[in-house]
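Participant: how would this look folded up:
(one chain, ligands or ions: 1)
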Amino acid sequence: MSDFSSLGLSDWLIKQCKQLGINKPTPVQENCMPAILQGRDCMGCAKTGSGKTAAFVLPVLQKLSEDPYGIFCLVLTPTRELAYQIAEQFRVLGKPLGVKDCIIVGGMDMVTQALELSNQPHIVVATPGRLADHIRSSNTFSMKKIQFLIMDEADRLLEQGCTDFTKDLETILRALPAKRQTLLFSATLTDTLQELKSIAMNKPHFWESKSETKTVEELDQRFILTPEKVKDAYLVHLIQKFTDEHDDWSIIIFTNTCKDCQILTMMLREFNFPTISLHSMMKQKQRFANLAKFKASVYKILIATDVAARGLDIPTVQVVINHNTPGLPKIYIHRVGRTARAGRNGVSITLVTQYDIHLVQAIEAQIQTKLKEYPVVEKEVLKILTQVNVTRRECEIKLEATDFDEKKEINKRKQLILEGKDPDLELKRKAELEKIRKQKKLFQQKIQESIQKQKHGQLKKKLMKRKQMKKKKAEQETA
Ligand SMILES: Nc1ncnc2c1ncn2[C@@H]1O[C@H](COP(=O)(O)OP(=O)(O)OP(=O)(O)O)[C@@H](O)[C@H]1O
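Facilitator: Numbering: from 1, shown residues only. Next comes the predicted model:
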């Protein structure tokens with residue numbers, strides 16, 4: 001394995017790395033940094049926790065030190081928390097350079113951000129939506145001279161999931177110079193490879209770690225098969241067990257929805273577990289505050305939606321629990337990747353109901369690893385089942401008494417207005433679509449039924465015919 005200096009990194013940066021305990025390059029750094037330093041576009045696909053951030057931060061800082069100006073580099077990332085984490089890496093590693101960074105994310109004051117942008121920071125780290133808003137509404141900054149465009153979690157930025165970034169990305173790309181270096185990184189690039197290649201146009205250097213498995217070896221991947229109604233009791237049992245056995249462990253629990261995240265947080269608090277939550281229906285300042293408290297181990301348990309699935313680097317996390325089985329293998333890979341980072345060990349436990357078995361099979365096929373059953377004394381779980389379910393119901397009632405659902409509705413309407421749509425018209429359109437969908441389903445059901453009837457009728461006819469022939473034959477034989 002080579003060292004940082006043979007990869008072309010300057011002494012001052014090597015010294016900075018040493019201070020952070022980064023002594024030898026990881027494979028993604030070893031294979032991507034020389035190409036970036038040579039001025040090439042680069043696409044790097046390596047497992048979670050393998051040091052992809054430093055693989056782009058270090059060469060950018062080196063190039064910035066040779067010709068410092070603002071805005072030199074733009075980093076795009078799908079979540080606000082991740083934007084802060086990346087900016088921090090630039091700040092820490094680039095300390096001797098006095099790097100000026102600026103974070104442009106939603107949920108924070110736009111005027112302050114506009115001012116910071118006009119001060120020509122060296123590095124801008126942004127989520128696409130808010131940056132596109134600034135580009136559309138302001139002419140006090142220019143990104144026409146940027147040297148680097150970096151898309152971290154690049155596949156997420158390009159996929160059309162619940163947050164679709166494509167329109168904002170178009171706006172941003174139009175504001176950038178064609179002559180630039182484009183760097184794309186993720187642990188799961190392959191699904192969107194073609195789209196990514198069109199963004200990194202200059203024959204990018206593509207590097208992918210050559211392992212068959214998609215998750216790290218240090219991760220012990222487990223599952224528990226449970227009926228839906230017993231899930232929460234398993235969860236409480238597992239947390240009790242982990243907290244009894246380990247003082248210094250942190251746990252992340254992933255849930256499917258914001259509401260589930262909120263209810264589980266309330267429930268675990270009723271059991272006196274130091275729990276805090278992170279989901280997109282919280283105010284941004286609260287999100288940052290909660291994450292900071294979790295990172296500082298003030299709270300040992302974080303319950304989060306997939307807003308925390310990608311990129312977050314919290315070394316104390318030893319356990320990831322999937323309260324629901326992720327619908328996509330890719331989401332599973334990122335979620336469980338919040339533990340067992342940078343060579344550390346970790347455990348992931350996925351709660352699986354009988355309806356999720358096909359999802360587990362898809363996950364196993366993708367990661368090329370079989371999940372092992374996590375041993376639990378079922379008697380212990382059944383002992384707390386009633387208490388857990390009653391507590392959950394109480395929390396649900398408490399939440400219903402708040403304006404949680406109402407807030408969700410308001411947030412949805414706000415989002416539609418921001419997208420330039422009329423919320424009432426949109427609701428009508430959705431209702432009509434739903435009606436058409438139902439009619440279509442009904443129609444398909446009817447067709448299926450008539451096909452079945454027809455088949456049944458044909459079969460009946462065949463059987464009758466056969467019977468008649470048999471009868472005729474028998475009569476002929478007796479005659
Ligand atoms: N060469 C290195 N040696 C030791 N530790 C490193 C090295 N490079 C980075 N690290 C550390 O490894 C941890 C994980 O790095 P990073 O967050 O960049 O992972 P990642 O590959 O981006 O993961 P993800 O896909 O989950 O975003 C960080 O704490 C980082 O400081």
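Participant: Phe273: what secondary structure?
Facilitator: coil (DSSP: H, G, I helix; E, B strand; the rest coil).
Participant: any idea how far it is from Thr127?
Facilitator: Distance, Phe273 to Thr127, using Cβ to Cβ, to the nearest Å: 31 Å. From N, CA and C alone the C-beta is placed, and that goes for glycine too.
Participant: between the two, which is the more surrounded one?
Facilitator: Using other Cβ atoms under 10 Å, the more surrounded residue of Phe273 and Thr127 is Thr127, with 24 against 18.
Participant: now that one: phi and psi?
Facilitator: phi -90, psi 150 (degrees, to the nearest 10).
Participant: can you map out the strands along the stretch 151-300 of the chain?
Facilitator: Per DSSP state E, counting those that start in this stretch, the stretch 151-300 of the chain carries strands over the ranges 181-186, 205-208, 219-225, 250-254, 275-278.
Participant: give me the mean pLDDT for the second one.
Facilitator: Regarding strand 205-208, the rounded mean pLDDT is 92.
Participant: near the ligand, which residues of this structure show up?
Facilitator: 22, 24-26, 29, 46, 48-54, 187, 311, 313, 337, 341-342 (Cβ under 6 Å from any ligand atom).
Participant: just the element for Thr325, please.
Facilitator: Remark: Thr325 resides in no helix or strand, with elements defined by DSSP states H and E.
Participant: and the closest residue to it other than its chain neighbours, how many neighbours?
Facilitator: Spatial nearest neighbour of Thr325, chain neighbours left out: Asp356 (3.9 Å); criterion: Cβ to Cβ, 6 or more residues apart in numbering. By the measure other Cβ under 10 Å, the count of residues near Asp356 is 21.
Participant: check what pLDDT Asp356 gets.
Facilitator: Taking Asp356 on its own, its pLDDT is 94.
Participant: gap between it and Thr166?
Facilitator: Taken as Cβ to Cβ, the span from Asp356 to Thr166 is 30 Å.
Participant: for the stretch 1-150 of the chain, which segments count as strands?
Facilitator: Going by DSSP E, counting those that start in this stretch, the stretch 1-150 of the chain shows strands at 42-45, 73-76, 101-104, 123-126, 148-152.
Participant: among the ones you listed, which is the most enclosed?
Facilitator: Mean neighbour count, computed with mean count of other Cβ atoms under 10 Å, is highest for strand 123-126 among the strands of the stretch 1-150 of the chain, reaching a mean of 27.
Participant: direction included, what does it pair against?
Facilitator: Its sheet considered, strand 123-126 pairs with strand 73-76 (parallel), strand 101-104 (parallel) by DSSP bridges.
Participant: now that strand: average pLDDT?
Facilitator: On average, strand 123-126 scores 98.
Participant: distance between that strand and the chain's centre?
Facilitator: Its chain's C-alpha centre and that of strand 123-126 lie 20 Å apart, by Cα atoms, centre = their mean, to the nearest Å.
Participant: so what touches it?
Facilitator: For strand 123-126, contacts defined as Cβ atoms under 8 Å, 6 or more residues apart in numbering pick out 60, 64, 71-77, 83-84, 86-87, 90, 94, 99-105, 117, 131, 143.
Participant: low pLDDT regions in the chain?
Facilitator: 1, 161-162, 404-423 (pLDDT under 70).
Participant: what about the most far-flung residue of it relative to its centre, distance to the ligand?
Facilitator: For the chain, the residue at maximal distance from the C-alpha centroid (Cα atoms, centre = their mean) is Ala479, at 80.4 Å. Distance, Ala479 to the ligand, by Cβ to the nearest ligand atom, to the nearest Å: 85 Å.
Participant: repeat that for Tyr332.
Facilitator: Taken as Cβ to the nearest ligand atom, the span from Tyr332 to the ligand is 13 Å.
Participant: backbone dihedrals for that residue, please?
Facilitator: phi -60, psi -50.
Participant: please, where are all the helices along the stretch 51-200 of the chain?
Facilitator: Counting by DSSP state H, counting those that start in this stretch, the stretch 51-200 of the chain has these helices, from start to end: 52-66, 80-93, 110-118, 128-137, 154-158, 166-174, 193-199.
Participant: need those helices in CSV (columns: mean neighbour count).
Facilitator: Shown next, in CSV, are these (neighbours: other Cβ atoms under 10 Å):
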stretch, mean neighbour count
helix 52-66, 22
helix 80-93, 21
helix 110-118, 15
helix 128-137, 19
helix 154-158, 25
helix 166-174, 15
helix 193-199, 15
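Participant: so can I have JSON lines of those showing distance to Gly8?
Facilitator: Listed next are these as JSON lines, based on distance: least, Cβ to Cβ, whole Å:
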{"stretch": "helix 52-66", "distance to Gly8": "8"}
{"stretch": "helix 80-93", "distance to Gly8": "16"}
{"stretch": "helix 110-118", "distance to Gly8": "31"}
{"stretch": "helix 128-137", "distance to Gly8": "31"}
{"stretch": "helix 154-158", "distance to Gly8": "24"}
{"stretch": "helix 166-174", "distance to Gly8": "29"}
{"stretch": "helix 193-199", "distance to Gly8": "25"}
